[in-house]
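Q: 3D model of this:
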Amino acid sequence: PKLDGEKHHITAFFSDIKGFSTFSERFREDPKGLMRLMNRYLSTVTPVLTRHGACIDKYIGDAVVALFGAPVKHPDHALRACKGALDVQKAIASLREQFRAEGLPDVYTRIGLNTDELLVGNIGSEQLMDYTAIGDGMNLAARLEGANKAYGTLIMMGENTYLQVKDHVEARELDTVRVAGKTQAVCIYELLALKGELPAEKAPTLTQYAQALSLYRERKFNDAVTLLQVALKADPADGPSQQLLDRCKTMLETPPGSEWDGVTSLDK
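A: Modelled structure (predicted):
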């Protein structure tokens, strides 16, 4: 091993436990209990990812960072990352049932995926090297993981990933966003299922959301509100519809200026 790196087109994976502060607070007096739980969680997530060809970059507390497409090159790394993310959610759902049976807190995982050309290799010092990736694409994957909170989603992916996998997955365009510190706006998408595996009752919600998003961008906020209220009546748990509804109501209360371009700023 040596300190070196080279550019590779890969897909970055970031995951984090939803509400981990609240989750860990229960174990304030039992840190070993929290460690045992975290080890169970990480031992559940890790083999799911490696089964799809992931390289586990690092664990940061409850966060998991993984790379698809390096060091082993897989031409379908974006699809592998999507399959891994979906299977992680299935595995966590099973783990959640185990936790409930044992009287432990619920555990939910948020995931961010992004595909880009990144500098990959051993980064660090002569004393300690870390095989990882760096670049704007890596930062966006991390931001998308965090952005799930605002949109009420569990798996979010960047446009580059979506374009690679759109024929193989069920996804919806969520928004156009501008990451803090960047001027270029990017489209973001929610990953829902593999192609053909989306529950039939979810399809109308996605259609109504797409129509409402188009109306929002056209500044037709009243029309978007009406459509989103219909969608939420049939699917009350749809986080993106609720989030867009709240934004439309805000726009009606405080209309945007002529410079408004429909882009949402991701400050975190």
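Q: biggest helix in the protein by residues?
A: helix 77-101 (DSSP state H).
Q: Okay, helices next: where are they in the stretch 1-150 of the chain?
A: Assigned by DSSP state H, counting those that start in this stretch, the helices in the stretch 1-150 of the chain fall at 20-25, 31-51, 77-101, 136-151.
Q: what sits up against the longest helix of the chain?
A: 9-11, 13, 15, 40-41, 44-45, 48-49, 51-54, 66, 68-69, 74, 105-109, 111, 113, 115, 154-155, 157, 160-161, 164-165, 168-169, 191, 193-194 (CB atoms under 8 Å, 6 or more residues apart in numbering). C-beta here means a position set from N, CA and C on the backbone, and glycine is covered the same way.
Q: From these, keep the buried residues only.
A: 9-11, 13, 15, 41, 44-45, 48-49, 52-54, 66, 68-69, 74, 105, 107-109, 111, 113, 115, 154-155, 157, 160-161, 164-165, 169, 191, 193-194 (16 or more other CB atoms under 10 Å).
Q: Out of the helices of the stretch 1-150 of the chain, which one sits most buried?
A: Of the helices of the stretch 1-150 of the chain, the one with the most neighbours on average (mean count of other CB atoms under 10 Å) is helix 136-151, at a mean of 21.
Q: helices or strands next to that helix in the packing?
A: strand 4-17, strand 109-124, strand 155-158, strand 169-179, strand 186-194, helix 239-253 (3 or more CB pairs under 8 Å, 6 or more residues apart in numbering; DSSP states H and E).
Q: With respect to R143, which of these lies nearest?
A: strand 169-179 (5.5 Å; CB to CB).
Q: tell me what the closest one is packed against?
A: Applying 3+ CB pairs under 8 Å, 6+ apart, one finds that strand 169-179 makes contact with helix 136-151, strand 186-194, helix 203-217, strand 264-266.
Q: and that strand, which strands flank it?
A: Strand 169-179 sits in its sheet next to strand 186-194 (antiparallel), strand 264-266 (parallel), going by DSSP bridges.
Q: angle of the longest one against helix 239-253?
A: Pointing back at strand 186-194 there. Put simply, strand 186-194 runs at 150 degrees to helix 239-253, going by axes from the mean of the first three to the mean of the last three CA atoms, to 10 degrees.
Q: Rounded mean pLDDT for strand 186-194, please.
A: For strand 186-194, the mean per-residue pLDDT is 97.
Q: Then the last one?
A: For strand 264-266, mean pLDDT rounds to 86.
Q: how about it: buried residues?
A: Residues of strand 264-266 classed as buried by neighbour count (16+ other CB under 10 Å): 264, 266.
Q: Which residue is the nearest non-sequential neighbour of V225?
A: Spatial nearest neighbour of V225, excluding adjacent residues (CB to CB, 6 or more residues apart in numbering): C248 at 4.9 Å.
Q: Against K202, how distant is that neighbour?
A: 21 Å (CB to CB, to the nearest Å).
Q: Over to R100?
A: 24 Å.
Q: try S15
A: Distance from S15 to K202, by CB to CB: 23 Å.
Q: With M38 instead?
A: 32 Å.
Q: and what of F99?
A: Going from F99 to K202 by CB to CB gives 26 Å.
Q: what's the answer for A193, then?
A: Separation of A193 from K202 (CB to CB): 9 Å.
Q: Excluding covalently adjacent residues, which one is nearest to G19?
A: Y108 (7.5 Å).
Q: N122 now?
A: Nearest one to N122, counting by CB to CB, 6+ apart, is M129 at 4.2 Å.
Q: unless I'm mixing things up, that neighbour is touching G121, no?
A: No - using CB atoms under 8 Å, M129 is not in contact with G121; the gap is 9.1 Å.
Q: hmm, back to that, turn the helices and strands packed on helix 136-151 into CSV, including distance to M138.
A: Formatted as CSV, the helices and strands packed on helix 136-151 follow (distance: least, CB to CB, whole Å):
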stretch, distance to M138
strand 4-17, 5
strand 109-124, 6
strand 155-158, 11
strand 169-179, 12
strand 186-194, 14
helix 239-253, 25
